[in-house]
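Asker: turn this into a model:
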Amino acid sequence: LPALCRQTTHASPGIAMTVPLLDINDCVLQLWGNGPVQQSPGYALLDGKDYRFGNSARGSARLRPRDINNRYWWQLSVEPLQPALGPARHTADLVHAHLKQIHTDAGAPAELLLACSGSMQREQLSLLLGIVQQCNFDAVGLVNRSALLGSLHGGPGRLFHLELQLHQALLTELAQNGDDMVVQRSVPLPGCGLLQLQERLVEVIASAFIRQTRFDPRRKADTEQQLYDGLPRALQQLASSGECNIEVNGYRARVVAADMASAGQRLFNAAAETMGSLSPADRLIVDPLVALLPDLANKLPEARVAAVDALWQASQQHGDELLNRGAPLSFINTLPCLAGDNGPIEPQVLEPAAPVVTHPTHLLAGTTARPLAAGMPLAPGLDLGRADDNWLLSGNGKLNGQALNDKQTLTAGDRIIAADGSEFLLIEVVPGGS
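Answerer: Numbering: from 1, shown residues only. Okay, here's the model as predicted:
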């Protein structure tokens, strides 16, 4: 496996960044480059003898729980996979396949800069670099994502970064030393991951359904999946207006932000306890996902929300000094400060980066992909049409777990289930060389 060591780097601000950045956080891997950002949550779904990753896999997490693995980034190793999931021997095989897919979806760039969490162990980072050597791209840089984010926030006092992962949260402490921002420590917060937070939020919403409609959306896998699929939008509405209506299978429940306030209590308490007593100069930066948790402003009033593209902005400003071609990579934990940050802390709420919307070109059924065409036969009761540049679906069936309503616009990644149980996936096929 490639050699690995801890490294300090000094960058020259203002140099244009040309190498795409892959931010590896299993809540959602994001690949930034010259085109739209590619987003792919850390879910793997065994589909026949192949795997599906990202949003497509996450959309089946409640429908096919035995065919899902969402621990492979967190538990990256070459230990035998338990329980088994298709042909993969270990989590490293799933990581390799996921990397190949997101790299292909991004147009197969020749080089990538990798930003990884400080919770990844030395052995995991070495294994990751070994996996990359089997991929069709070169990793030309490896940086602690907290160090990269922290380099945007110079100034006196301590700087904390709170990030959500699927199975835990991570609080990283940084401090400025001269002109550099240095990672001091990274502390995992167990039981505070996105999956645990979702469970608590869904429990509150399900209780509201039972209380208001006598309908329990958790009793069936398909309605439970609808509930999970609708959670991000519900949190966004709660953040903006303080209340929202959630509809599942024709039933509607009203939820207010106060009902959800307790869901993040464990995370807030763990973060506050780990940070300890704060001075006026200390600061807390949180990832955008954290900002959607109700009651954040009350429980962590010092929190400031990172911009959705903050890591990409920082990597562009540091420029080529982050890169190390033709030599063993080092895990960068120290970076020069790019700007001072001595102003007052003003908590704000930002929505997560919008999903990448791409026009589908083909319909995937099993292992067969067919070019889309108006009027093409799908399944009984389903009609495919076209208006302007958009493909439209109507009829009797489900789109991404929700019942079809009139004519709905389709995007790549949408999953269709016909009334007869037939399943289809809409994909975008990119011509070679583009």
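Asker: strands paired with the one helix or strand Leu363 maps to, and their directions?
Answerer: Using DSSP states H and E, Leu363 falls within strand 362-365. With DSSP bridges as the test, strand 362-365 is paired with strand 368-371 (antiparallel), strand 423-427 (antiparallel).
Asker: mean confidence for the helix or strand immediately after the first one in the chain?
Answerer: What it means is strand 368-371. Sequence-wise, the next helix or strand downstream of strand 368-371 (DSSP H and E) is strand 382-387. Average pLDDT, strand 382-387: 84.
Asker: do stretch 316-323 as well
Answerer: 90.
Asker: check stretch 361-378 too.
Answerer: Averaged across stretch 361-378, the pLDDT comes to 81.
Asker: need the distance between the two termini of that stretch.
Answerer: 15 Å (C-alpha to C-alpha, to the nearest Å).
Asker: any idea how far the strand holding Leu363 is from the middle of the chain?
Answerer: Chain-centre distance of strand 362-365: 25 Å, with C-alpha atoms, centre = their mean, to the nearest Å.
Asker: now do stretch 280-299
Answerer: On C-alpha atoms, centre = their mean, the centre of stretch 280-299 falls 18 Å from the chain's centre.
Asker: again with stretch 296-309
Answerer: In terms of C-alpha atoms, centre = their mean, the centre of stretch 296-309 is found 18 Å from the chain centre.
Asker: got it, and stretch 407-419?
Answerer: In terms of C-alpha atoms, centre = their mean, the gap separating the centre of stretch 407-419 from the centre of its chain is 22 Å.
Asker: kindly export it (C-alpha atoms) in PDB.
Answerer: Output for stretch 407-419, consisting of C-alpha atoms alone and laid out as PDB, is shown next (Å, rounded to 0.1, in the frame of the first residue of the first chain):
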ATOM      1  CA  LYS A 407     -47.700  14.400 -15.500                       C
ATOM      2  CA  GLN A 408     -44.400  14.500 -13.600                       C
ATOM      3  CA  THR A 409     -41.100  15.700 -14.900                       C
ATOM      4  CA  LEU A 410     -38.400  13.000 -14.900                       C
ATOM      5  CA  THR A 411     -34.700  13.400 -14.100                       C
ATOM      6  CA  ALA A 412     -31.800  11.000 -14.200                       C
ATOM      7  CA  GLY A 413     -31.800   8.800 -11.100                       C
ATOM      8  CA  ASP A 414     -35.600   8.600 -10.800                       C
ATOM      9  CA  ARG A 415     -36.900   5.200  -9.900                       C
ATOM     10  CA  ILE A 416     -40.300   4.000 -11.400                       C
ATOM     11  CA  ILE A 417     -42.400   1.200 -10.100                       C
ATOM     12  CA  ALA A 418     -45.400   0.200 -12.300                       C
ATOM     13  CA  ALA A 419     -48.700  -1.100 -10.900                       C
END
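Asker: can you give the contact residues for it?
Answerer: With contacts defined as C-beta atoms under 8 Å, 6 or more residues apart in numbering, stretch 407-419 is touched by 54-56, 59-60, 357-361, 378-382, 385, 387, 390-394, 396-401, 423-428. Glycine gets a C-beta too; all of them are placed from N, C-alpha and C.
Asker: quick one: buried ones out of these?
Answerer: Buried residues within the contacts of stretch 407-419, defined by neighbour count using 16 or more other C-beta atoms under 10 Å: 54-56, 59-60, 358, 360-361, 378-379, 382, 391-393, 397-401, 423-427.
Asker: measure the residue lying closest to Pro280 once chain neighbours are set aside to Ala271 for me?
Answerer: Spatially, and ignoring its direct neighbours in sequence, Pro280 is nearest to Gly157 (7.6 Å; C-beta to C-beta, 6 or more residues apart in numbering). Distance of Gly157 to Ala271, given as C-beta to C-beta, to the nearest Å: 17 Å.
Asker: over to Asp282?
Answerer: Using C-beta to C-beta, one gets 13 Å for the distance from Asp282 to Ala271.
Asker: so for the two, which residue has more residues nearby?
Answerer: The residue with more neighbours, out of Asp282 and Ala271, is Ala271; 23 against 19, by other C-beta atoms under 10 Å.
Asker: how about that one, phi and psi?
Answerer: Main-chain torsions, Ala271, degrees, to the nearest 10: phi -70, psi -50.
Asker: not counting sequence-adjacent ones, nearest residue to Thr172?
Answerer: Counting by C-beta to C-beta, 6+ apart, Ser146 is the residue found nearest to Thr172 once chain neighbours are left out, at 3.9 Å.
Asker: confirm that neighbour sits in a helix?
Answerer: Yes - assignment of Ser146 by DSSP: H, G, I helix; E, B strand; the rest coil places it within a helix.
Asker: wait, it touches Gly118, no?
Answerer: Yes - contact criterion C-beta atoms under 8 Å: Ser146 and Gly118 qualify, at 5.5 Å.
Asker: show me where this structure has its helices.
Answerer: Secondary structure of the chain (DSSP state H): helices at 55-58, 91-105, 122-132, 145-150, 194-213, 221-241, 257-260, 265-275, 288-291, 296-299, 310-318.
Asker: nearest to Gln176, of the strands paired with strand 362-365?
Answerer: Taking C-beta to C-beta, strand 423-427 is the member of the strands paired with strand 362-365 nearest to Gln176, at 46.4 Å.
Asker: before we move on, back to that, let me see the contact set for the residue nearest to Thr172.
Answerer: By C-beta under 8 Å, 6+ apart, Ser146 lies in contact with Ser117, Gly118, His161, Glu163, Thr172, Leu174, Val183, Ser186.
Asker: would you agree Gln184 is in contact with Asn177?
Answerer: No - between Gln184 and Asn177 there is no contact under C-beta under 8 Å: 9.6 Å.
Asker: list the contacts for the most centrally placed residue in the chain?
Answerer: Most central in the chain under C-alpha atoms, centre = their mean is Val28, positioned 1.4 Å from the mean C-alpha point. Val28 makes contact with Gln39, Ser40, Pro41, Gly42, Pro352 under the criterion C-beta under 8 Å, 6+ apart.
Asker: how far away is it from Leu22?
Answerer: In this structure, Val28 and Leu22 are 12 Å apart, going by C-beta to C-beta.
Asker: over to Pro83?
Answerer: Counting by C-beta to C-beta, the gap from Pro83 to Leu22 is 28 Å.
Asker: check Gln165 too.
Answerer: Going from Gln165 to Leu22 by C-beta to C-beta gives 16 Å.
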